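[1] Okay, predicted coordinates and the sequence, questions at the end:
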Amino acid sequence: MAATTSKNFVLRFFYFAFACLLYSIWRSVDLLVQVELTGEYDRSPVVTANSVLTLSKKQTGIG
């Protein structure tokens, strides 16, 4: 978890909202991938954070 020492409410709220948005997108993509591959949804993720990070590093060259 990234730590922030800012006392600015707007900045802290942005960090929280952005993290929630990223998590929701990740879980939505995982749901779509699982349904496409198997036809059903299991709560354990198929698209892991490690695979997303690896793919993004390969595509962007960052990291």
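    Great, that's in hand.
[2] can you pull the buried residues of stretch 35-52?
    In terms of neighbour count (16 or more other CB atoms under 10 Å), stretch 35-52 has its buried residues at Pro45, Val47. (Glycine included, C-beta is placed from N, CA and C.)
[3] residues making contact with that stretch?
    Trp26, Arg27, Val29, Asp30, Leu31, Val33, Gln34 (CB atoms under 8 Å, 6 or more residues apart in numbering).
[4] and these as a markdown table, adding secondary structure, pLDDT and neighbour count?
    As requested, these are exported to a markdown table (DSSP: H, G, I helix; E, B strand; the rest coil; pLDDT from 0 to 100; neighbours: other CB atoms under 10 Å):
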| residue | secondary structure | pLDDT | neighbour count |
| --- | --- | --- | --- |
| Trp26 | helix | 88 | 15 |
| Arg27 | helix | 89 | 13 |
| Val29 | helix | 89 | 14 |
| Asp30 | helix | 87 | 19 |
| Leu31 | helix | 90 | 16 |
| Val33 | helix | 88 | 13 |
| Gln34 | helix | 88 | 18 |
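[5] secondary structure class for Leu22?
    Each residue gets one of three states, and Leu22 gets helix by DSSP: H, G, I helix; E, B strand; the rest coil.
[6] My error: substitute Tyr15 in the last question.
    Tyr15 is classified as helix under three-state DSSP.
[7] cool, the one 10 residues further on as well?
    The three-state label for Ile25, taken from three-state DSSP, comes out as helix.
[8] can you give me the mean pLDDT across whichever strand or helix holds Lys58?
    Lys58 belongs to helix 49-60 when assigned by DSSP states H and E. The average of the pLDDT scores along helix 49-60 is 87.
[9] Could you export it as CSV, CA atoms only?
    Taking Å, rounded to 0.1, in the frame of the first residue of the first chain, the C-alpha atoms of helix 49-60 are listed here in CSV:
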residue,chain,number,x,y,z
ALA,A,49,-2.1,-8.5,-10.8
ASN,A,50,1.2,-10.0,-11.7
SER,A,51,0.1,-10.9,-15.2
VAL,A,52,-1.3,-7.4,-15.7
LEU,A,53,2.0,-5.8,-14.5
THR,A,54,4.1,-8.0,-16.7
LEU,A,55,1.9,-7.3,-19.7
SER,A,56,2.0,-3.5,-19.1
LYS,A,57,5.8,-3.6,-18.6
LYS,A,58,6.2,-5.4,-22.0
GLN,A,59,3.8,-3.1,-23.8
THR,A,60,5.1,0.2,-22.4
